[in-house]
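> A predicted structure for the sequence below; I have some questions about it.
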Amino acid sequence: MKTNAFPGLKSNNHILKNNQGQFAIESLLLMTILIGAFLALTNYLRDNKLISKLVQKPIQSVATMAGYGVWKSEGGGCKVPGKTAVSLGKCHPNAIARSLSSAPR
Amino acid sequence: MISRSKPSRLQNSSGFIAADFLFSFVMVLGVGIFMFGITFSLATIEVAQYIVWSTARNHSAGNINAAIANEGAKKKFLNLTAKFPMLTGNGAGGREWFELLETNLKIGDLSVIEPEFSSEISADDRKNNDRQPWTGASAKIRLKLFSGLQIPFLGKVAEDPSFFEFPIRAFIIRHPSQDECISFFNDNQKRYINGIKKLEGDALADQAPMSSAAQLQGINAAATIGEDNGC
């Protein structure tokens, strides 16, 4: 009767040497790590209001265009040529600074 | 002969695709909702811009007087908003996705009647009555749909809903109204006596020149002067 390829080697059926179930444990470990990382990431995004920040700026640009006729934002972005930052109303295409070609101000 | 034993329950991976599908489904749904919200909002802003522009265009016609012109423009606004109840709230019974209400509608010289706007323009512009650059209409749109969105795992789209409510303005220089025209024509008869009557009484202006015609000496005045009654 053939029992073992190496007669000196002990049999591999001891409970501590049984590797059945290793995949299950490793998959649980991986799943825990991955879900943990995913939850940490989404929690970070939620805490920092990333989606809100992602949306607010473009919507604000659209709002400025709809109300004041310019894509630029209030303060800093809106400038009259050769001058410092001005209010949104002064950047409107109808404003005297932008619409008078004969005597621009 | 190779014998294959039946895999144990722990080795069975047949449910993996279900979990993967559920996860992807939630993610795709979230992104889909977001994309729908933003594209629908942008399209609605276009519709709202047309409505406000059309209101301003109606007002620009002048009509009989300023009050009637305002009423006509307001009627135009109400008629158009009623065509899009879900986008404007006019007739939606509170189920609307966006708001463009008559209560926030302003028609006329926005540099005078809309403090939020007049504070933004320069004093030069406010006094610039000859050009009437700020005559038109203004209404506030509220993106209720988009500001109320909550994406799975990522949270609310709008932390500050005030970002999603803003004015839409349209400017069109208006024509003189009938009343203004008649008033101008009948202003102590000056317009008629000094202008039209002289032209009517004389074949050519250079034969009985008006005060301003003196400036036209040396020019073919007959071909230059073309006075009308302003109406």
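The structure has been received and is ready for your questions.
> mind checking the SS state of B:Asp137?
Not Asp; residue B:137 is Ala. strand (DSSP: H, G, I helix; E, B strand; the rest coil).
> distance-wise, check it relative to chain A.
12 Å (C-beta to the nearest C-beta, to the nearest Å). From N, CA and C alone the C-beta is placed, and that goes for glycine too.
> mind listing what that residue touches?
For B:Ala137, the contacting residues are B:52-53, B:55-56, B:59, B:73, B:77, B:105-107, B:110, B:169-170, by C-beta atoms under 8 Å, 6 or more residues apart in numbering or on different chains.
> same thing but at 7 Å, please
Contacts for B:Ala137 (C-beta atoms under 7 Å, 6 or more residues apart in numbering or on different chains) come out as B:Val52, B:Thr55, B:Ala56, B:His59, B:Ala73, B:Leu105, B:Lys106, B:Ile107, B:Ala170.
> host element of the third one?
This means B:Ala56. helix B:16-60 (DSSP states H and E).
> tell me which parts of chain B are close to chain A?
Listed as neighbours of chain A in chain B under the rule C-beta under 7 Å from any C-beta of the partner chain: B:10-11, B:45, B:49, B:117, B:120-122, B:124-125, B:128, B:133-134, B:151, B:153-159, B:163-164, B:166-169, B:171.
> can you give me the end-to-end distance of stretch B:101-121?
Start to finish, the residues bounding stretch B:101-121 are 25 Å apart (C-alpha to C-alpha, to the nearest Å).
> and the worst-scoring helix or strand of chain A on mean pLDDT, what does it pack against?
Ranked by mean pLDDT, DSSP states H and E, the weakest helix or strand in chain A is helix A:96-99, scoring a mean of 76. Of the remaining helices and strands, none touches helix A:96-99 by 3 or more C-beta pairs under 7 Å, 6 or more residues apart in numbering or on different chains; DSSP states H and E.
> residues contacting the residue nearest the centre of chain B?
Nearest to the geometric centre of chain B sits B:Val52, at 3.1 Å (C-alpha atoms, centre = their mean). B:Val52 makes contact with B:Ala137, B:Ser138, B:Ala139, B:Ile168, B:Arg169, B:Ala170, according to C-beta under 7 Å, 6+ apart.
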